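> From the sequence below, what's the structure:
(3 chains)
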Amino acid sequence: MTVINVPADISVKKVKEFHRGLIEAVDREGDLVLDFNEAERVDLAVMQVLLAAGRACRKRKKVLKIKAASEELKNQMRICGMLK
Amino acid sequence: MSENTIRDVFLEEAREILRHLEADLIQLEDGDDPELINRIFRYVHTIKGSSGIAGFDVVYEFTHKLETLLDMVRNGKIPVEKKLVDLLLESMDWIATGIYEEPDFDRMEALLDRTGKYHAAGGGAVSASEEEDAPAKNGPSEDKNFFFLVRASFRPMVFQSGIDPLIIMEDLTALGSVEQKRVNLKRLPELEELDPERCYLDWTVLLKTKHPRSKLDDVFIFVKDDNDITVEDITAEFVDDEKYNTMLQERKLGEILLKRGIITEEELDDVLSSQDESNRKLGDLIVEKGYADEKSIKYALGEQSRIKSRIQTTTVRVDTRKLDSLLNLLGEIVISQSSISRISEELEEQHGFRLKNALYAMDRITREFQEQIMAIRMIPIGPTFEQFRRFVRDAAADMKKEIRLDIRGAETELDKTVIEQISDPLKHMLRNAIDHGIEPPDEREKAGKKRTGTVTLNAYHQEGNIYIEIIDDGQGIDRAAIKRKGLERGLIKPGDELTDKQIHDLLFLPGFSTAENVGELSGRGVGMDVVKTNIEALRGSVEIFSEERRGSTIRIKLPLTLAIIEGMLVRVGTNVYIIPLLSIVESLQPARDHVKTVEGKGEVMLVRGEYVPLVRLYEHFGIKSDVTNPWESLVVVVESGSDRLGIMIDDLVGQQQIVIKSLENYITQSRALSGAAILGDGKVALIIDVHGMVGDLAR
Amino acid sequence: MNKLEELKKSAGAAKSDGRQFVTFIIGEENYGVEVLKVQEIIGMTQIIHVPNSAEFMKGVINLRGAVVPVVDMRTRFRMPEREYDMFTVIIIVEVKNRMIGMIVDSVSDVVDISEATIQDTPHFTAKIETDFIKGIGQVENKLVIILDIDKILSTSDLERMAMEESRGGDD
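Here you go, the predicted model:
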């Protein structure tokens, strides 16, 4: 199980690095956990990466867990179809 | 908008909503699907709001309470059961009378009483909407909800302008409640190929809000120039949310499941990508991966076909007078064409030839034009059949029988006016099948049948005609009883040998409809004879088939086109008449010894080994003829249903397309005439009604 | 249309206190019908006989694509029939949204008859049923019998009569 702490200032400015990190994490063994303790919200660039990562995990029959998501983040995920 | 117009619009829209509402309520009995309940809630909510604005205060108050009840249902506080559906249906009926007739206050009290009991059972909570929606009596106030369809597609490099589309979408959705939403993820590449600095998503959102359009425009103010944003006000059309399913483009199974919240977008994407690899059915894959169960797939498939049929019926709304006027104009074109055609006959060969060719081409075009206009007036019979579900349900309950209604051929199309006029006769026949055809459950069981009887409504096209059948698997027609009744009423004589058909035909005689209960015989004041007359007025015919203990079938045949037909012009003396080509079997000159006179039956003629009645048209119509001997003239053999007869004429003139003009009742009492047409030379020719002529002979 | 318009033109403008009538002759009497009810006046044209119809129902004609029934007013008023000549016209009137043609001996003029001069019928030994008469007007020295077209060509009456007469017919 790999845990990634999503930084508070995550945004399109830092998304390239985040993206690379996720590619690597998805390849590792075990499920993937994204801890949003520090990040209240994200922007669309980040959300796209999350969506793609989710898809990649499913392909590999892994689970992508979202931890400590704020209400705001949950709303954003709803808008992007990541949550119901 | 003036007072009157608001009211008129409301009256018309309410009619449509109530129709859909009824269909949905009936479906509710089969299962409490959350999407269905939501839809029902929205319909009631819409009626509530609109009735308030249109000034129907009593209806408003009543519907308000109903809405509260439905809110509890959709929140799971009240379970869906038959008693509840009954209450809802009755309430819906009351709303209809409240809007189109006079509100019945006693009935209202009784219904509200039952509603109140449910309220209490459900926790008696005042729904949030009660606070939101204060009665809107003075025109559009804060109460009015708008519906906007927003499509937002951002350009790939939008992030570079410092814009976060997600914030924009958050702002948008914050303005109201999202009724439906579709995020298009198709352009989003795989994780490895993704360029995180590009935007790949676009949205389609159906937003319900109290804010005016300007507020929505404001949300997009900084992005609308460089990106593809559309905001459409669809408040006026928001009656049926199925429509928006189609506006959201995808009617595919996956989308339906998504919309109903049965699977998530990720799950759908997953399945879609697996599908590419394995080429298996979407439904199967979804179930296999555990994203949804089979029941949900079936629901979705059902909805898929319902959406398809709804599209067919809800996409065009045209004033029928406009269609009638189009058809009239086309009729005049056809008449002009035949005038020109006639003139071309008179021209010399060399000039005439080219003109005739040109006319021939034009003829083909007008024929196709005609078919297309007729096609516009054609609507599927499905919705009419569906309306009967309620009727069957109630009638079966009345008679304490278990009956299911099977509908086939719903997509069969008929001319709009025909559908309107066939509705009552169909209802009557359904009633018969329920009252007298299907046996009570116990009796059925004893007879080795299933307890639930089936009544089937079937419609199909065949050979230029439309057939509508009402089939039941009940006890069939008791022929002996009919014969008895026929003898009693002096309609038949003791020694008469009757074919099954003739026995069944007795049912259509006026004398029969007032009979008391004799198996499948009695009508309820409106007899089968009236049904037959109504159908004949549409130039159709009715037949009954039945097998004792197995069931009965009533088959209605209707002509496909009403106004323009192929006619054969025939001449008697100086008069020209028209015989519809479809009715003609053949024409021949009989041999002298093939024409005989039979005692009590009149003149008959031998046609292919069978004797058919012979009608001398000059006699029948009281006109002068050139020839008086059938073997020296021409006889046109015609048929209507299973009846045949020979019409004696002087000569055949020719065949042409004719436009049927109706003849008012007061002009003639002859049943043998069904209308008139204007020929190329400007003369009026009367059209012979074969079915009517057969009737004349029978008297 | 020409005839009617010609007549109207020659009659001049309508006076405000009167109404305009199309006057015509049947037998020896002058009759009139309100101009507003008259669609047009056409010359005699081919009438297609319709079987099983009342005696006064002469048949139908083609009026620019519409099939219009035509009534012989002499027969309707139980007068002896007369051969049609070049003066015989068909006056097309509108009764309850339907068009019907009336065959009359000849048409006279469009005249103004002021309300004041229209008297009630009583003392007149009219040749036709008083039901059909709205009143008697005077134009120059002629008496014009103003007809109640709605009653004479009432479709329910016509239908009833058609039924009675056809029962008497052969079939």
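> In three-state terms, how would the residue nearest the centre of chain C be classified?
Central residue of chain C (CA atoms, centre = their mean): C:Met102, 4.7 Å from the mean position. Recorded secondary structure, C:Met102: strand (DSSP: H, G, I helix; E, B strand; the rest coil).
> Quick one: low-confidence residue ranges for chain C.
For chain C, the stretches with pLDDT under 70 are C:1-3, C:6-18, C:121-129, C:155-171.
> Which residue would be the closest one in chain C to chain A?
C:Asn97 (60.1 Å; CB to the nearest CB). Quick note: C-beta positions are derived from backbone N, CA and C, even for glycine.
> For burial, what's the neighbour tally of that residue?
Using other CB atoms under 10 Å in any protein chain shown, the number of residues around C:Asn97 comes to 5.
> Please state the backbone phi and psi of it?
The phi/psi pair for C:Asn97 (degrees, to the nearest 10) reads phi 70, psi 10.
> how near is it to chain B?
C:Asn97 is 11 Å from chain B, where distance means CB to the nearest CB, to the nearest Å.
> quick one on the thing from earlier: kindly provide the distance from the residue nearest to the centre of chain C to chain B.
Applying CB to the nearest CB, the value for C:Met102 to chain B is 15 Å.
> ranges for the strands of chain A?
Using DSSP state E, the strands found in chain A span residues A:2-5, A:32-35, A:64-67.
> Report whether the first one contacts chain B.
No: when contact is scored as CB under 8 Å from any CB of the partner chain, no part of strand A:2-5 falls within range of chain B; the minimum is 13.8 Å.
> Just the C-alphas of that strand, formatted as CSV.
Below are the C-alpha coordinates for strand A:2-5, written out as CSV (Å, rounded to 0.1, in the frame of the first residue of the first chain):
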residue,chain,number,x,y,z
THR,A,2,1.3,3.3,-1.0
VAL,A,3,0.3,6.5,0.7
ILE,A,4,0.7,9.9,-0.9
ASN,A,5,0.1,13.0,1.1
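> Paired strands for it, with orientation please.
As defined by DSSP bridges, the strand partners of strand A:2-5 come to strand A:32-35 (parallel).
> Could you do the last one as well?
Paired strands of strand A:64-67, with direction, are strand A:32-35 (parallel) (DSSP bridges).
> gap between the closest residue to B:Asn184 other than its chain neighbours and A:Arg60?
With CB to CB, 6 or more residues apart in numbering or on different chains as the criterion, B:Asn184 has its nearest non-adjacent residue at 4.8 Å, and that residue is B:Asp202. Separation of B:Asp202 from A:Arg60 (CB to CB, to the nearest Å) stands at 27 Å.
> More neighbours: which of the two?
Between B:Asp202 and A:Arg60, counted using other CB under 10 Å, the more crowded position is B:Asp202 (19 against 12).
> Please verify my assumption that the more buried one contacts B:Arg155.
No: counting by CB atoms under 8 Å, B:Arg155 is not a contact partner of B:Asp202; they are 10.1 Å apart.
> any common contacting residues for those two?
Taking CB atoms under 8 Å, 6 or more residues apart in numbering or on different chains as the contact rule, B:Asp202 and B:Arg155 both touch B:Asp228.
> returning to what we had before: for beta bridges, what are the partners of the residue nearest to B:Asn184?
The partner list for B:Asp202 in beta bridges (DSSP bridges) reads B:Ser153, B:Asn184.
> how about it, what does it touch?
With contact set as CB under 8 Å, 6+ apart, B:Asp202 has these partners: B:151-154, B:183-184, B:187, B:228.
> Skipping adjacent residues, who's closest to B:Tyr460 in space?
Using CB to CB, 6+ apart and skipping the chain neighbours, the partner closest in space to B:Tyr460 is B:Gly409 (5.0 Å).
> The one you found: neighbour count?
As a burial measure, B:Gly409 scores 19 neighbours (other CB under 10 Å).
> ok, it touching B:Gln462?
No: counting by CB under 8 Å, B:Gly409 does not reach B:Gln462; the two are 11.1 Å apart.
> And the residue nearest the centre of chain A, how close does it get to B:Arg198?
Nearest to the geometric centre of chain A sits A:Leu50, at 4.0 Å (CA atoms, centre = their mean). Plainly put, A:Leu50 is 15 Å away from B:Arg198 if you go by CB to CB.
> And the longest helix along chain A, what does it pack against?
Ordering each helix of chain A by length in residues (DSSP state H) puts helix A:44-59 first. Secondary-structure packing of helix A:44-59 (3 or more CB pairs under 8 Å, 6 or more residues apart in numbering or on different chains; DSSP states H and E): helix A:15-27, strand A:32-35, strand A:64-67, helix A:71-79, helix B:165-174, helix B:265-278.
> Could you look up the SS state of C:Ser53?
Three-state assignment for C:Ser53 (three-state DSSP): coil.
> Nearest residue to it in space, please, no chain neighbours.
The shortest distance from C:Ser53 to any non-neighbouring residue, by CB to CB, 6+ apart, is to B:Thr668 (4.4 Å).
> what's the neighbour count on that neighbour?
Residues near B:Thr668, counting by other CB under 10 Å: 22.
> How about the residues of the stretch 451-600 of chain B by chain C?
Residues of the stretch 451-600 of chain B lying near chain C by CB under 8 Å from any CB: B:Asn575.
> Right, and chain C sits closest to which residue of the stretch 451-600 of chain B?
Evaluated by CB to the nearest CB, the stretch 451-600 of chain B has B:Asn575 as its residue closest to chain C, separated by 7.3 Å.
> Could you check how far the residue nearest to that residue when sequence neighbours are not counted is from B:Arg571?
Distance criterion CB to CB, 6+ apart; nearest residue to B:Asn575, sequence neighbours excluded, is B:Ile623 at 5.5 Å. Distance from B:Ile623 to B:Arg571, counting by CB to CB: 11 Å.
> Equivalent analysis for B:Ala358, please.
Per CB to CB, B:Ala358 is found 28 Å from B:Arg571.
> Would you mind telling me which of those two has more residues around it?
Between B:Ala358 and B:Arg571, B:Arg571 has the larger neighbour count (other CB under 10 Å), namely 19 against 12.
> Go ahead and confirm that one touches B:Ile649.
Yes: at 6.6 Å, B:Arg571 counts as touching B:Ile649 under the criterion of CB under 8 Å.
> for C:Pro51, phi and psi?
The phi and psi values for C:Pro51, taken as degrees, to the nearest 10, are phi -60, psi 160.
> residues in contact with B:Gly682?
Counting by CB under 8 Å, 6+ apart, B:Gly682 touches B:339, C:62.
> one more time with 6 Å, if that's ok
Contact partners of B:Gly682, counting by CB atoms under 6 Å, 6 or more residues apart in numbering or on different chains, are C:Asn62.
> Which helix or which strand is home to it?
B:Gly682 belongs to no helix or strand when elements are defined using DSSP states H and E.
> thinking again about what came up before, contacts only, for the residue nearest to the centre of chain C.
Counted by CB under 6 Å, 6+ apart, C:Met102 has contacts C:71, C:73, C:91.
> again, but for B:Ile381
Contacts of B:Ile381 (CB under 6 Å, 6+ apart): B:412, B:414, B:459.
> could you dump the residues you listed to a markdown table with secondary structure, neighbour count and pLDDT?
What follows is these, written out as a markdown table (DSSP: H, G, I helix; E, B strand; the rest coil; neighbours: other CB atoms under 10 Å in any protein chain shown; pLDDT from 0 to 100):
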| residue | secondary structure | neighbour count | pLDDT |
| --- | --- | --- | --- |
| B:Thr412 | coil | 18 | 83 |
| B:Leu414 | strand | 22 | 84 |
| B:Ala459 | strand | 24 | 91 |
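> Show me which of the residues you listed is closest to chain A.
B:Thr412 (39.9 Å).
> so how many other residues sit close to residue 55?
No chain was given, so I picked chain A. 23.
> wrong one, I was asking about chain B
Residues near B:Gly55, counting by other CB under 10 Å, number 13.
> Please apply the same query to A:Ala39.
A:Ala39 has 21 neighbours, counted by other CB under 10 Å.
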